[in-house]
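Trainee: What follows is a predicted structure for the sequence shown.
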Amino acid sequence: MIKEEIAKIIGRGINLVHPKDFRNGDYTLIADEKAAQEDFEKLERNRPASVSKIEFIKPRFINIYLSKQFFGESLKEIIEKGDEFGKSKSVDKKIMIEYTDANLFKEFHIGHLMSNSIGEALARLLEWNGADVKRANYQGDIGLHVAKAVWGKLKLPDLTWGEAYILGSAAYESHALSWYKNDALSKFLLGRNQGLDKNEIIEINKKIYNGDDHKVIEVYNEGRKLSLEKLEKIYERVGMLQRNHLGEQRYFDFYFFESASWYIGKVIVENNIPSVFKKSEGAVVFHGEECDPPLHTRVFINSQNLPTYEAKELGLLKSKIDKQGWNFDTSISITANEQTEYFKVVLAAAKKINELASAAEKTKHIAHGTLRLSTGKMSSRTGNVVTAEALIEEVKSRTKGDEQVAIGAIKYMILRQAIGNDIVFDFEKSVSTEGDSGVYLQYAHARANSILEKSKSSPPAKGEMSQTEGVRIIERLLYRFPEIVERAGKEYAPNYITTYLTELASSFNNFYAQEQIIGNEYRMMITQAFKIVMKNGLTILGIPAPERM
């Protein structure tokens, strides 16, 4: 590795970066002003074979240019390693990564799709860096949202579960549904005692927790089963299908449910009163303001003696610990950024509980922004929700019905920027073939594949080899892929991959436009290496890499 060679010559740790302008070399060593001249002289005296030129830009920048031979050898390495190129052992850890976390009985909306796309990309990115990754999905199959849906289904059995949830939400919050497309729901609510309806929903919630009402549990079980089946179909549609070492199909390694975690968490909270939690006005709370730095107070068991999300989260952490034979080094939870303060309190409480403290210390919360369309922030409570499937179908209609291209377009828009940022989804930009889109990357990959296919029937390779040609920008980008993958893994930043692939695709398209490729052996090597790197990068992002488009 170039970095290791240069560090050995200098004799200490170095700050080596890629300059933004290729005219300034392939690497720039940012040296201490006092040692810069000496560092430059050391490199000149002991110049590695892979370096063609070194220049000193006073007072502290040393530009390093790699040789033609280096780039030729790097192409051979890419082609030789193929699907393995870019993989490393830089993250030798067991990592559990929890994402998606859809609520049953509700629609799988574009917020869930955002979490799923980010989580899957991070899981793959960490795997490419050598981590032993287990995917986890924590699904909300109990709680007030479920009671609302069950109530709606009990009142109007012919409703879909999505409509039943909308009806229950409207009844619970005492508002009509005049805006909703199904007028029957609004008419049903007119003239009703919605205060009474709210009390009925609260009672159904208790019955689901207690499991003591046959009719309620029968309806609940039916809805739970159908919700889970629908979610599995969505996971397959967005490209999560994988196979374990036994060849079994899977989407997630671990499925956790609130219906299991609530009791575990409730017992943990009750067992840690008053040492960690305090009783307050009929509820049980954690006083976060007593932490350093101060947080805020949150309720863990409410006045109805039911656990809140916070207590369930403690139960989930305990369930993760209890996965026998697989003790994680790091547990990552991916949620929307609106849950950041919530997570701070939950983890602060967990660190004060003996059986959870160690796991809480190893837990990392990664918060993503929100995904918005031109209609603004969605809400499944009101029914004005943009479902993931609706978004896929809308983008698909703009890509001549190509599902792979639609999925790629959506995932790229989600993964193209830093995880914490909000996204306004631009339909036109998402399917643009001019650049900065998943479609652009897929087209570049398909174009390279087409060239390789055509070359099989072309005359034997002829033409100038690399020794008589200048080094192209595409060559100066291809070898960097493993570095990008490693950095993206360390910083949990899949956007580094999208940025790199977009620049790489642009360089390939320029190369294709300016040079005759078929019939020239070295240029065919560049094309083959590009196809490998592009496919590997798209694979990490969870974006399909079509052979033809």
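Mentor: That came through fine. In this text the structure is predicted, and so the values were computed from the model without any measurement.
Trainee: looking at this structure, which helix or strand is least sure?
Mentor: The helix or strand of the chain with the lowest confidence, counting by mean pLDDT, DSSP states H and E, is strand 242-243 at a mean of 56.
Trainee: give me the low-pLDDT residue ranges for this protein?
Mentor: 175-183, 241-249, 324, 375-384, 457-468 (pLDDT under 70).
Trainee: rerun that using 80 as the cut-off
Mentor: By pLDDT under 80, the weakly predicted segments of the chain are 1, 174-187, 190-191, 194, 241-250, 324-325, 374-385, 457-469.
Trainee: So which residue is dead centre in it?
Mentor: A centroid search over the chain (C-alpha atoms, centre = their mean) returns Ile118, at 1.2 Å, as the residue closest to the centre.
Trainee: Could you report the separation of that residue from Leu391?
Mentor: Distance, Ile118 to Leu391, by C-beta to C-beta, to the nearest Å: 15 Å. Placement of C-beta: from N, CA and C, glycine included.
Trainee: With Glu547 instead?
Mentor: Shown here: Glu547 relative to Leu391, a distance of 26 Å by C-beta to C-beta.
Trainee: Please, where are all the strands along the stretch 351-500 of the chain?
Mentor: Under the criterion DSSP state E, counting those that start in this stretch, the stretch 351-500 of the chain contains strands at 363-368, 371-372, 423-424.
Trainee: Most tightly packed of those?
Mentor: Each of these was scored by mean neighbour count; the highest is strand 371-372, a mean of 21, by mean count of other C-beta atoms under 10 Å.
Trainee: Please list the outside residues in contact with it.
Mentor: Judged by C-beta atoms under 8 Å, 6 or more residues apart in numbering, the contacts made with strand 371-372 from elsewhere in the structure are 110-111, 113-114, 378, 414, 422-425.
Trainee: Could you do stretch 314-329 as well?
Mentor: For stretch 314-329, using C-beta under 8 Å, 6+ apart, the contacting residues are 93-96, 134, 136, 138, 254, 256, 260-266, 268-269, 300, 307, 331, 346, 349-350, 353, 355-356, 359-360, 362-363.
Trainee: CA atoms only for that stretch - export them in CSV, please.
Mentor: Extracted as CSV, the C-alpha positions of stretch 314-329 are listed here (Å, rounded to 0.1, in the frame of the first residue of the first chain):
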residue,chain,number,x,y,z
LEU,A,314,-34.9,-1.7,27.6
GLY,A,315,-36.6,-5.0,27.0
LEU,A,316,-35.3,-5.0,23.4
LEU,A,317,-31.7,-4.3,24.7
LYS,A,318,-32.1,-7.3,27.0
SER,A,319,-33.4,-9.5,24.2
LYS,A,320,-30.4,-8.5,22.1
ILE,A,321,-28.0,-9.5,24.9
ASP,A,322,-29.8,-12.9,25.3
LYS,A,323,-29.2,-14.0,21.7
GLN,A,324,-27.0,-16.9,22.7
GLY,A,325,-23.8,-17.7,20.9
TRP,A,326,-23.6,-14.2,19.4
ASN,A,327,-22.3,-11.5,21.7
PHE,A,328,-22.0,-8.3,19.8
ASP,A,329,-19.1,-5.8,20.0
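Trainee: That one: how far from the chain's middle?
Mentor: Here stretch 314-329 is found 22 Å from its chain centre; the criterion is C-alpha atoms, centre = their mean, to the nearest Å.
Trainee: Mind listing what's buried along it?
Mentor: Judged by neighbour count (16 or more other C-beta atoms under 10 Å), stretch 314-329 contains these buried residues: 314-321, 328.
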